[in-house]
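A.B. asks: With the sequence up front, the predicted model follows.
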Amino acid sequence: MYQFPTNFLWGAAASAPQTEGHALLNGKSPSTWDKWYELAPANFQPNQGPAITSNVYECYADDIKRMQAIGLTSYRTSISWTRLLPDGKNINEEAVSYYRDYFKALNKAHIHPIINLFHFDMPWWLMEKGGWETRESVNAFAFYAQTAFDLFGDLVPQWTTFNEPIVHVECGYLFGYHYPAVVDLKKAVQVGYHTLMAHIAAVEAFKTGGFKGSIGIILNISPTYARSESAADQRAKDAADLLNSKSFLDPCVLGHFPPALIALLSEHQLMPLTEDGDAARIAANPVDFLGLNYYQPRRVQAPTQPKSPAQMPADFYSPYDWPAKKMNHYRGWEIYPEALYDMAVMIKDEYHNIPWYVAENGMGVADEDRFMNAAGMIEDDYRITFMQDHLRQLHRGIAAGSNCFGYHTWTFVDCWSWLNGYTNRYGFYRMALNAPYERSLKKSGLWFKTVSENNGF
Ligand code: BG6
């Protein structure tokens with residue numbers, strides 16, 4: 001039996017843009033996703049845009065009953081910035097009623113809400129001014145955060161500012177998966193810096209405002225493993241860690257950037273524009289806790305033909321294809337549960353054992369209806385095995401002293417995934433793609449209920 005600490009949170013995660021629907025209704029203005037789908041639908045899966053997603057705007061009350069049915073004691077979702085503040089300044093009262101009712105219902109059902117502020121959904125009005133490229137975005141986000149704390153602070157015990165902030169940096173400014181899909185390393189660094197300052201400004205507003213509860217950030221800091229112990233491979237590993245993980249982890253938890261990151265960016269003429277006083281604000285506003293998303297490890301080797309100054313991450317490190325890897329072929333991601341233990345120990349040893357939780361972990365699988373039994377239930381035993389394997393490693397990390405307070409899977413009900421639409425499914429509940437978007441329980445949901453009830457398995 002793997003027994004977890006008392007009051008351990010058993011939950012699931014989702015985001016507003018991937019679940020709410022009503023994307024351009026009830027006063028919401030477009031995010032970059034709504035607009036990009038309108039401008040360039042060919043980038044998306046056919047007829048799978050952000051307009052409806054899981055229709056949670058209408059279904060949340062019933063969904064909360066479904067959460068209870070599988071023993072969830074916690075749930076993370078996000079607020080849509082463009083629903084709450086359609087023009088960035090004026091409050092949309094319909095959004096206030098919706099979120100207040102939703103969060104009240106979660107509390108009433110004894111499902112601990114963790115509410116996130118930004119999940120890749122940049123407002124279009126702000127993107128037209130440059131999005132995270134402009135310093136103006138920092139104050140705009142701080143105003144949004146302050147508004148959310150004022151309106152919902154009595155209902156939200158734990159806040160997070162961003163989900164995976166490195167993702168909109170790399171997908172929007174290096175790899176083409178998010179709008180504006182430009183390729184520009186210098187801009188990517190500036191976007192990352194403004195995002196970090198937006199996070200800091202939100203934490204500052206939370207702390208100076210004297211709100212109850214705690215505030216954190218959700219990071220995807222996949223551990224990096226080098227091909228070999230050679231100096232060149234180890235340099236590649238260090239660069240990958242600095243750029244992808246420590247760039248947010250260190251300022252958010254330790255209150256400063258790693259000197260090695262500053263040296264690396266300076267060497268390649270990539271230092272962002274900053275303002276006087278930024279360093280002091282970063283130092284004064286560490287997070288109370290972390291959410292860590294984990295799906296796959298990062299494996300690297302020395303870059304093959306690096307340019308200097310660097311123009312892409314590939315000039316610092318190349319991906320390494322580990323021959324012994326086990327794959328989730330549907331999503332194209334390696335399955336390596338041991339990394340969860342390594343992450344737990346790293347947080348304990350290098351980040352003063354700050355409280356943290358697994359904010360996402362899960363397995364996306366295509367064409368799951370193949371596994372439907374005669375009673376109409378998807379028998380997703382592969383997902384149960386995946387979770388068991390990861391929970392064993394997490395348990396090892398906790399036994400070694402790491403301060404982990406919960407495990408959230410991605411996700412509760414199958415949801416829309418950006419450019420991949422509904423290709424890969426992750427949910428405890430299957431969702432039908434036609435109205436009324438019916439949900440039906442998968443076998444993994446039944447299993448998770450027993451885990452939650454027993455506080456282990
Ligand atoms: C996380 C994101 O990185 O992974 C989610 O926070 C995302 O938004 C999830 O949906 C699963 O990845 P994907 O690309 O298969 O949907």
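C.D. replies: All right, it came through fine. Since the structure is predicted, the reported quantities are computational estimates derived from the model, not experimental observations. Numbering: from 1, shown residues only.
A.B. asks: who's the closest residue to the ligand within the chain bridged to?
C.D. replies: As assessed by C-beta to the nearest ligand atom, the ligand sits closest to Ser417 within the chain, at 3.1 Å. (C-beta placed from N, C-alpha, C; glycine too.) Counting by DSSP bridges, Ser417 is bridged to Gly421.
A.B. asks: Surely it touches Thr423?
C.D. replies: Yes - at 7.3 Å, Ser417 counts as touching Thr423 under the criterion of C-beta atoms under 8 Å.
A.B. asks: Can you name the residues of this structure that neighbour the ligand?
C.D. replies: Listed as neighbours of the ligand in the chain under the rule C-beta under 6 Å from any ligand atom: 15, 18, 163-164, 220, 293, 331, 360, 364, 410, 417, 420, 424.
A.B. asks: so what's the residue positioned nearest the centre of the chain bridging to?
C.D. replies: Centroid check for the chain by C-alpha atoms, centre = their mean gives Asn163 as the closest residue, at 3.5 Å. Going by DSSP bridges, Asn163 is paired in beta bridges with Ile218.
A.B. asks: Unless I'm misreading it, it sits right up against Asp121, doesn't it?
C.D. replies: No - applying C-beta under 8 Å as the test, Asn163 and Asp121 come out as separate, 9.8 Å apart.
A.B. asks: in the stretch 201-350 of the chain, which spans are helices?
C.D. replies: 231-241, 247-249, 259-267, 278-284, 338-350 (DSSP state H, counting those that start in this stretch).
A.B. asks: which residues sit against the first one?
C.D. replies: This means helix 231-241. The contact list for helix 231-241 (C-beta atoms under 8 Å, 6 or more residues apart in numbering) reads 224-227, 260, 264, 298, 300-303, 313, 316-318, 320.
A.B. asks: just to revisit the earlier point, report pLDDT for the residue nearest to the centre of the chain.
C.D. replies: Turning to Asn163, the model gives it a pLDDT of 99.
A.B. asks: mind checking how far it is from Ala95?
C.D. replies: 19 Å (C-beta to C-beta, to the nearest Å).
A.B. asks: try Ala61
C.D. replies: 17 Å.
A.B. asks: neighbour-wise, which of those two wins?
C.D. replies: With neighbours defined as other C-beta atoms under 10 Å, Ala61 and Ala95 compare such that Ala95 has more, 20 against 11.
A.B. asks: The more buried one against Gly27, yeah?
C.D. replies: Yes - counting by C-beta under 8 Å, Gly27 is a contact partner of Ala95 at 6.4 Å.
A.B. asks: List the residues that are in contact with both of these two.
C.D. replies: With C-beta under 8 Å, 6+ apart, Ala95 and Gly27 have common neighbours Arg83.
A.B. asks: returning to what we had before: would you list the buried entries among the residues of the chain next to the ligand?
C.D. replies: Buried members of the residues of the chain next to the ligand, scored by 16 or more other C-beta atoms under 10 Å, are 15, 18, 163-164, 220, 293, 331, 360, 364, 410, 417, 424.
A.B. asks: In space, what's closest to Gly364 - neighbours in sequence excluded?
C.D. replies: Counting by C-beta to C-beta, 6 or more residues apart in numbering, Gly364 lies nearest to Asn424, which is 3.1 Å off, once chain neighbours are set aside.
A.B. asks: Need phi/psi at the one you found.
C.D. replies: phi -110, psi 130 (degrees, to the nearest 10).
A.B. asks: can you check Thr409 too?
C.D. replies: Residue torsions, per degrees, to the nearest 10, at Thr409 are phi -90, psi 160.
A.B. asks: Please apply the same query to the one 3 residues further on.
C.D. replies: Phi and psi for Phe412, reported as degrees, to the nearest 10, are phi -80, psi -60.
A.B. asks: Report the contact partners of it.
C.D. replies: 12-14, 63, 66-67, 72, 75, 427-429.
A.B. asks: hang on, the earlier thing: need the overlap of contacts for Asn163 and Asp121.
C.D. replies: Contacts common to Asn163 and Asp121, judged by C-beta under 8 Å, 6+ apart, are 15, 78.
A.B. asks: Ser444 touches Met387, doesn't it?
C.D. replies: Yes - counting by C-beta under 8 Å, Ser444 touches Met387, with 7.2 Å between them.
A.B. asks: So for the two, which sits in the more crowded spot?
C.D. replies: Ser444 (26 against 22).
A.B. asks: in what helix or strand does the more buried one lie?
C.D. replies: helix 443-454 (DSSP states H and E).
A.B. asks: got the CA positions of that helix in CSV?
C.D. replies: Below are the C-alpha coordinates for helix 443-454, written out as CSV (Å, rounded to 0.1, in the frame of the first residue of the first chain):
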residue,chain,number,x,y,z
LYS,A,443,-12.5,3.0,-15.7
SER,A,444,-9.7,5.3,-14.6
GLY,A,445,-12.3,7.6,-12.8
LEU,A,446,-13.5,4.6,-10.8
TRP,A,447,-10.0,3.7,-9.9
PHE,A,448,-9.1,7.3,-8.9
LYS,A,449,-12.1,7.3,-6.5
THR,A,450,-10.6,4.3,-4.6
VAL,A,451,-7.3,6.1,-4.4
SER,A,452,-8.8,9.2,-3.0
GLU,A,453,-10.9,7.3,-0.5
ASN,A,454,-8.0,5.3,0.7
